[in-house]
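Colleague: any chance you can model this:
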Amino acid sequence: MNVKLVVAMSILGLVSCPAFAATSTKHKHHHKHQVVEARHEYKDMLPEPVCTITQNARIMSDMSQDFGRAMPNPCNPGWFNRIQLSGGVNVDFGKFGNRNANYMGENYQRFSLNDAYLNVAANINDWAKAFASLNYSTATVNAPVFTFGGLPAAEYSSAYTNNVLSGGSSTVQLEQAYGTIANFDVSPIFLQVGKKFQDFSRYEIHPITRSLTQVVSETLATSLNLGFVANGFNGSIYAFDDPMGKVGKTSTTTNYGAALGYEAPADDLGWDIGAAYLYNMMGVNDVSYVVNQLNQEAGRAQGYNTRVGATALYADVNSGPFMIGARYTTSLQRFNMLDLPKNGIATSTTGAKPWAAGVQAGYGFDAWGKSQNIYLGYQTTREAAGLLLPKYRYLVGYGIELFGKGTNVAIEWDHDKAFSAGNGGNGNSYNLVSIRTGFKFG
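Modeller: Presented below is the predicted three-dimensional model:
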């Protein structure tokens, strides 16, 4: 027998993802609601109850301008089989030592929610998936305050608070939101659209202290990404708008980049290696933040003057409980002296050509019935005083799942050495001890 089920596209949200865009568009021009016919054959059985959406409900949806949206639908049970939730809370406290060194990537708040987040992932169909991440952070956020020798006040991260142009605050942010079109059983190619971290270097999101290479690499933007993953080989090309435009322009500039790598994950012996190119280093959120502040301090218009390319390299090796990783990011040309003077000194006649590098090793083990790890690292930079970075940093840390799986208590000590006075610093040493308690689920 035939059972006709009339449903509103606005309720079902059939055009709420890119996978349906091509088919739904042509229907939209002909009629507003789609008729879906479901055929069932029964042998000596009563027909199953038909789920219907009332005419009033359809009209109310139209009155709310919800056409094409994914809305709660009583005729589409089982959503929990396609939606995954995860999240966590990272509370940083303590912060003993020097809390006014003014380095990008360090959190100077005595007590802060460095990261409270909720991740939502959806398996839409065999080809389409979606991901979104809501984040709240009270780590160091600063307005343009020039109280540190003529340099702007540093932040933990301008990306998380959308504070590249200042005016950001500790509010709930849509940190990431993107869709992925991929089916690796059929093709190694994938397409991603939306706001995400670009494939430029490798780093941890919301660490206790962001590494020096992360500060000059982290690129969070709404982008179009086309890439592949095949037998360990991976790569992508991507395009996005820079967080700010050139001086004198009302619109932002379009940036692009490319990455290529190989990854062989394994517990006994795993490794990865990769390289990436960025057409304009102004796409890096923290770089744009500092350059924009320096230009505003000098009385110049908001924005930057000259494009500078950048490249990043990374490599990691793990064997059993041991791991070691290396990072390197550098500009490919000198900055315009008006954007970033050499060594951060305004009287310089040339621009800076900064780079940052780091190596970190770790060891994981079980003791007292609890998973634990220790790590230590060394990081260094050149001509990066203007980017509010130290000359070098030593660090050591320890973490333990103190209250069982899904919880972690960690302590980290960072020892920073400033550049000399002739190179844009004051030559001082700074120490910062941080304690973090983390909880995660999903």
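
Colleague: now whichever strand in the chain runs longest: mean pLDDT?
Modeller: Of all the elements of type strand in the chain, the one with the most residues (DSSP state E) is strand 83-97. For strand 83-97, mean pLDDT rounds to 90.

Colleague: for stretch 263-273, same thing?
Modeller: Computed over stretch 263-273, the average pLDDT equals 94.

Colleague: also stretch 60-72?
Modeller: Mean pLDDT, computed over stretch 60-72, is 72.

Colleague: which regions of the stretch 51-200 of the chain lie under the pLDDT threshold?
Modeller: Scanning the stretch 51-200 of the chain for pLDDT under 70 picks out 63, 68, 76-79, 143-150, 161-163, 165-170.

Colleague: okay, now the domains of the chain?
Modeller: 2-63, 84-441 (automatic domain parsing).

Colleague: which helix is the longest one in this protein?
Modeller: Determined from DSSP state H, the single longest helix within the chain is helix 285-297.

Colleague: ok so, going back, nearest to residue 71, of the domains of the chain?
Modeller: Proximity to residue 71, assessed across the domains of the chain by CB to CB, is greatest for domain 2-63 (5.4 Å). Just so you know, the C-beta spots here come from the backbone N, C-alpha and C atoms, and that holds for glycine as well.

Colleague: number of nearby residues for residue 254?
Modeller: Per other CB atoms under 10 Å, the neighbour tally for residue 254 reads 13.

Colleague: do the same with residue 53
Modeller: Residue 53: 19 surrounding residues under other CB under 10 Å.

Colleague: over to the one 5 residues further on?
Modeller: When neighbours are counted by other CB under 10 Å, residue 58 registers 18.

Colleague: tell me where the stretch 151-300 of the chain has strands.
Modeller: 173-182, 189-197, 220-230, 233-241, 254-264, 270-278 (DSSP state E, counting those that start in this stretch).

Colleague: relative to strand 233-241, how tilted is the third one?
Modeller: I take that to be strand 220-230. Here the directions of strand 220-230 and strand 233-241 differ by 160 degrees (axes from the mean of the first three to the mean of the last three CA atoms, to 10 degrees).

Colleague: then the last one?
Modeller: Relative orientation of strand 270-278 with respect to strand 233-241: 30 degrees, computed using the same axes, to 10 degrees.

Colleague: what are the buried residues along strand 270-278?
Modeller: Along strand 270-278, these residues count as buried under the neighbour rule (16 or more other CB atoms under 10 Å): 271, 272, 274, 275, 276, 277, 278.

Colleague: can you lay out the residues you listed as a markdown table showing distance to residue 244?
Modeller: Output for the buried residues of strand 270-278, formatted as a markdown table (distance: CB to CB, whole Å):
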| residue | distance to residue 244 |
| --- | --- |
| 271 | 37 |
| 272 | 32 |
| 274 | 28 |
| 275 | 26 |
| 276 | 21 |
| 277 | 21 |
| 278 | 15 |
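
Colleague: closest one of those to residue 345?
Modeller: Taking CB to CB as the measure, residue 278 is the one of the buried residues of strand 270-278 closest to residue 345, at 25.6 Å.

Colleague: so what pairs up with the closest one in the strands?
Modeller: Listed by DSSP bridges, the beta-bridge partners for residue 278 are residue 257, residue 310.

Colleague: pull the contacting residues for it.
Modeller: Residues near residue 278 by CB atoms under 8 Å, 6 or more residues apart in numbering: 198, 200, 219, 255, 257, 284, 309, 310, 311, 312.
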